[in-house]
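*Asks:* Just a sequence and a predicted model for now, questions to come.
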Amino acid sequence: MASKSEESGRMGRARHAHLRGQGPSHLDRRPCHDDLERFPEVLPVWQGLRMRSRNPADLRERAVAAVDAGLARPEVARASAVHPRTLERWLARARQGASLTDRPRSGRPPKIAPMQRPALAAQVAADPDATLAQHCATWVATTGVRVSRSAMGREVARLGFTLKTSP
C-alpha cells in the first residue's frame, strides 16, 4: 500500500497535469503595437488604484448616523466607498465617545512650518525667476533652517507657484 505522502503527491501531479509544460501565456510574448494602443484605456484604471486621501469627518459622521438609523452595515460601507472594517472602527470610536475627526498623523514635522508659509510666499513673489536651489539658499540665510530642493519644491507647489528648476 502506498504511503499518504505518495498518494498526495500523485494526486497533486494528476490534478495539475494540464498545466505541465505551460507557463503563463502573457510571459511568452513581447509587447506589441496593440498593447500600446490599449494604454489610454488602461491608464485611468491604474490611476484609480492610487492610495486615496483620508475620508472627511462629515462622511464618517454620516456613515455612523446611517448605521444608527438602522441601515445594514454592508450597505453603508458600500455607499460610503469604505471597507466594512473601516466602518466598524468608526462605529467603535463613536461608541467610546471619541471624536470622528482626523487624528494627528505621525511622521517628521515639516522643516517649513505651516505658519512660515506666508514668509515663503513673500520670498517667492519677490524673486519669481529664482531656481529652487536659490530659494533654498535664501531660506537658509533668512531663517537659518536648511531645506532640500525637493522639500522647497513641495512647499512652493503647495502654495500654487511654479518655478524654474535650472538657471
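*Replies:* Great, that's in hand.

*Asks:* Remind me which helix or strand residue 105 belongs to.
*Replies:* Counting by DSSP states H and E, no helix or strand carries residue 105.

*Asks:* That one: neighbour count?
*Replies:* If you count neighbours by other CB atoms under 10 Å, residue 105 ends up with 6. All C-beta spots, glycine's among them, are computed from the backbone N, C-alpha and C.

*Asks:* what's the answer for the one 3 residues further on, then?
*Replies:* The burial metric for residue 108, expressed as a neighbour count using other CB under 10 Å, is 5.

*Asks:* Is it correct that it falls within a helix?
*Replies:* No: assessed with DSSP: H, G, I helix; E, B strand; the rest coil, residue 108 is coil; it does not lie in a helix.

*Asks:* tell me which helix or strand of the chain sits lowest on mean pLDDT?
*Replies:* helix 33-48 (a mean of 49; mean pLDDT, DSSP states H and E).

*Asks:* after it, next one along is what?
*Replies:* Next along from helix 33-48, by DSSP H and E: helix 57-68.

*Asks:* Can you give the contact residues for that next one?
*Replies:* 73, 76-77, 79-80, 82, 87, 90-91, 94, 99-102 (CB atoms under 8 Å, 6 or more residues apart in numbering).

*Asks:* which residues in the chain form helices?
*Replies:* Along the chain, the segments classed as helices by DSSP state H run 4-15, 33-48, 57-68, 73-80, 84-95, 117-126, 132-143, 149-159.

*Asks:* how far away is residue 61 from residue 150?
*Replies:* From residue 61 across to residue 150, the span is 37 Å (CB to CB, to the nearest Å).

*Asks:* can you check residue 86 too?
*Replies:* Going from residue 86 to residue 150 by CB to CB gives 32 Å.

*Asks:* Which pLDDT value goes with residue 129?
*Replies:* pLDDT, residue 129: 88.

*Asks:* Repeat that for the one 4 residues further on.
*Replies:* With respect to pLDDT, residue 133 has a value of 92.

*Asks:* tally of neighbours for residue 113?
*Replies:* With other CB under 10 Å as criterion, residue 113 counts 11.

*Asks:* typo on my end, it should be residue 77
*Replies:* If we define neighbours as other CB under 10 Å, then residue 77 has 20 of them.

*Asks:* out of residue 86 and residue 150, which sits in the busier spot?
*Replies:* Comparing residue 86 with residue 150 by other CB under 10 Å, the one with more neighbours is residue 86, at 15 against 10.

*Asks:* so what's that one up against?
*Replies:* Neighbours of residue 86 in contact, by CB under 8 Å, 6+ apart: 55, 77.
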